[in-house]
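[1] what shape does this take:
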Amino acid sequence: MTDFEKVKNYYSHFDEKNRLRNDNSGKLEFLMTMRILEKNLPQVQGTEGVDGNESSGGVSILDLGGGVGVYSFPLAKKGYKVRLADLSETLLAQANKQKKEDNVQNLISYNQVNATDLSCYKDQSFDVVLLFGPLYHLTEKAEREKCISEVNRVLKKGGKVFASFIPQLSGSIALVQRFCWSPDQVDINTLKECFESGKFKNLSDKGFQEGYYPASEEIENLFNANGFEKILLRSIRGFGYEKEDVIFKFKNKNVFSKILDLIDSTAEDKSIIEMCGHAMYVGVKK
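    Predicted coordinates for the structure are as follows:
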């Protein structure tokens, strides 16, 4: 079973608020994720500007595992009605503070929630669920099944889910570096287990906790078995993975945009999905 206290403790110390701002890898991940959302989210009708104060579209989003609201806030400002949910009280407190400072009206609520139990939300409550985080940590199949079943339950018919995950090869190979740099966290048996099963149990209380790294086929099968049809399965950063510093050196906006288009055009290649960091599944409720 996933040790959720370890996960909560990790995020109580990790700077999640600035993870996508501090370096070019985070900046590219945020940029490409927003491109995916903008292409695939239902459009908000009747929005005046992007301040989130006027909207008659009523597109409701559950940002499940949304942490400090890195995606909740920009989407709320675009007119989406967003409810933020996370396991970590620390991250939710940070989101609450920012909501008050920025006066973002469309961020309707924030709730402490375990992704395997969404009983605080009614059936068919949302047009969209963002699942950017929980699948990194749910180590047991039954937990992942329960999570996706609950996501299906709270989504309206025809609603969409956007779920990020860390592919098994990307996650396992990254652990080789950790094995070298932080042997207190990873030993050879930990490494072997991850390559075989995708499961990572940190040997210490430092660093990323309770990891699960599935192959892309497993993710597609998981959602299909729980009532979803695939729209998209792709790498988020694509071939830009670990080349972010080079990409952001292109100051010509036209050239930079064409590079991003090339990343998009190749991001569904299976080899890129499995080897290039975080990936995303987009599906629709059948």
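
[2] and K17, how many residues sit next to it?
    Counted with other Cβ atoms under 10 Å, residues neighbouring K17 total 16. All C-beta atoms are positioned from the backbone trio N, CA, C, and that covers glycine.

[3] the nearest residue to it once chain neighbours are set aside and G26, how far apart?
    Closest residue to K17 apart from its sequence neighbours, by Cβ to Cβ, 6 or more residues apart in numbering: V68 at 4.4 Å. Noted for V68: a distance of 13 Å to G26, by Cβ to Cβ, to the nearest Å.

[4] which of those two has more neighbours?
    Ranked by neighbour count (other Cβ under 10 Å), V68 and G26 place V68 first, with 26 against 16.

[5] let me know the secondary structure of that one.
    Under the three-state scheme (DSSP: H, G, I helix; E, B strand; the rest coil), V68 adopts coil.

[6] now do the contacts for it.
    Shown in contact with V68 (Cβ atoms under 8 Å, 6 or more residues apart in numbering): E16, K17, L91, Q94, A95, Q98.

[7] filter those residues down to the buried ones, PyMOL style.
    Entered in PyMOL, the line below selects the buried ones among the contacts of V68, by 16 or more other Cβ atoms under 10 Å:
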select buried, resi 16+17+91+94+95+98
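
[8] which one of the contacts of V68 is nearest K122?
    A95 (22.3 Å; Cβ to Cβ).

[9] show me what contacts the closest one?
    Counted by Cβ under 8 Å, 6+ apart, A95 has contacts G66, G67, V68, G69, S72, L84, D86, L107, Y110.

[10] can you list those residues in a markdown table and add pLDDT and distance to E268?
    Converted to a markdown table, these look like this (pLDDT from 0 to 100; distance: Cβ to Cβ, whole Å):
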| residue | pLDDT | distance to E268 |
| --- | --- | --- |
| G66 | 96 | 25 |
| G67 | 94 | 27 |
| V68 | 95 | 30 |
| G69 | 95 | 29 |
| S72 | 97 | 27 |
| L84 | 97 | 29 |
| D86 | 96 | 29 |
| L107 | 94 | 32 |
| Y110 | 91 | 33 |
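
[11] separate out the buried members of the residues you listed.
    By 16+ other Cβ under 10 Å, the contacts of A95 give G66, G67, V68, G69, S72, L84, D86, L107, Y110 as buried.

[12] got these as a markdown table, with distance to A163 columns?
    Formatted as a markdown table, these follow (distance: Cβ to Cβ, whole Å):
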| residue | distance to A163 |
| --- | --- |
| G66 | 13 |
| G67 | 15 |
| V68 | 19 |
| G69 | 18 |
| S72 | 16 |
| L84 | 16 |
| D86 | 15 |
| L107 | 21 |
| Y110 | 20 |
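
[13] show me which of these is closest to L169.
    Here the nearest of the buried ones among the contacts of A95 to L169, counting by Cβ to Cβ, is G67; it sits at 25.4 Å.

[14] could you say what helices and strands the biggest strand by length in the chain packs with?
    Longest strand in the chain by number of residues (criterion: DSSP state E): strand 155-165. Secondary-structure packing of strand 155-165 (3 or more Cβ pairs under 8 Å, 6 or more residues apart in numbering; DSSP states H and E): helix 24-40, strand 126-131, helix 216-225, strand 279-285.

[15] how about a cut-off of 7 Å?
    strand 126-131, strand 279-285 (3 or more Cβ pairs under 7 Å, 6 or more residues apart in numbering; DSSP states H and E).

[16] so can I have JSON lines of those strands showing mean pLDDT?
    Shown next, in JSON lines, are the helices and strands packed on strand 155-165 (pLDDT from 0 to 100):
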{"stretch": "strand 126-131", "mean pLDDT": "98"}
{"stretch": "strand 279-285", "mean pLDDT": "98"}
